[in-house]
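Visitor: here is the input, now give the coordinates:
(2 chains)
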Amino acid sequence: EDKVVQSPLSLVVHEGDTVTLNCSYEVTNFRSLLWYKQEKKAPTFLFMLTSSGIEKKSGRLSSILDKKELFSILNITATQTGDSAVYLCAVRGGGSNYKLTFGKGTLLTVNP
Amino acid sequence: EAEVAQSPRYKITEKSQAVAFWCDPISGHATLYWYRQILGQGPELLVQFQDESVVDDSQLPKDRFSAERLKGVDSTLKIQPAELGDSAMYLCASSLTGTGEYGYTFGSGTRLTVV
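Guide: Residues are numbered from 1 along each chain as shown, chains lettered A, B, ... in the order given. Got it, this is the predicted structure:
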């Protein structure tokens, strides 16, 4: 069974801090890893990673994948209160339906 | 920007009643997913449609849940009878293809409270 484990489960920081969120996975026929941000509504897409070692970047957020060690990290620099959310990691496997399996998420709270 | 539409946004129902949720995916998206997200957990796939056909419903509690996508466009998820443990966010998502290689778009969800 496919498995995605995120750590930490929750994190409290001050504005301006840099945070690193972790995601490790076990999946059959790995296809891609996705990061989502979820405020009190639907998840919004951040990144899709398919290749090891290639950093994806969007503003203050960046992410990288290590397919050998089966993990990914999401970095947020110079955090702002608007970054407060649950960050979800999901892995797309192979099989008949290319199933997307989510982790439990990391709840990030950024205090002013 | 194209969106996945869901309704209602919120639903409160009594235990043992029937409840239904509706989803309209992005136009042209062949694959539609229903996820359930319990508070503090990640979304869990309930059912996946490719056009009008179910391709995965292995996690759908079939004694009380049903889902249909009759014309391969919009979809309805039904629970009958609702139980207290069904309280959760029900998310619909769609993707252009069944492989998900072009990503997934989620709707705003329906938050169900069973009392």
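
Visitor: what's the helix or strand for residue 47?
Guide: With no chain named, the answer covers chain A. strand A:44-49 (DSSP states H and E).

Visitor: oops, I was thinking of chain B
Guide: strand B:44-50.

Visitor: for the residue in chain A that chain B sits nearest to, give the beta-bridge partners.
Guide: Proximity of chain A to chain B (CB to the nearest CB) peaks at residue A:102, 3.2 Å away. Glycine gets a C-beta too; all of them are placed from N, C-alpha and C. The partner list for residue A:102 in beta bridges (DSSP bridges) reads residue A:90.

Visitor: give me every residue that touches it.
Guide: By CB atoms under 8 Å, 6 or more residues apart in numbering or on different chains, residue A:102 lies in contact with A:4, A:88, A:89, A:90, B:42, B:43, B:44.

Visitor: now a PyMOL select for only the buried ones of the residues you listed.
Guide: Burial among the contacts of residue A:102 is assessed by 16 or more other CB atoms under 10 Å in any protein chain shown; the matching PyMOL selection reads:
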select buried, (chain A and resi 4+88+89+90) or (chain B and resi 42+43)
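
Visitor: sorry, back to before: now do the buried residues in the strand holding residue A:47.
Guide: Within strand A:44-49, the residues scored as buried using 16+ other CB under 10 Å are A:46, A:47, A:48, A:49.

Visitor: just the residues you listed that are near chain B?
Guide: When CB under 8 Å from any CB of the partner chain is applied, the members of those adjacent to chain B are residue A:48.

Visitor: still on that earlier bit, what's the average pLDDT for the helix or strand just after the strand holding residue B:47?
Guide: The element immediately downstream of strand B:44-50 (helix or strand, assigned by DSSP H and E) is strand B:53-56. Mean per-residue pLDDT for strand B:53-56: 93.
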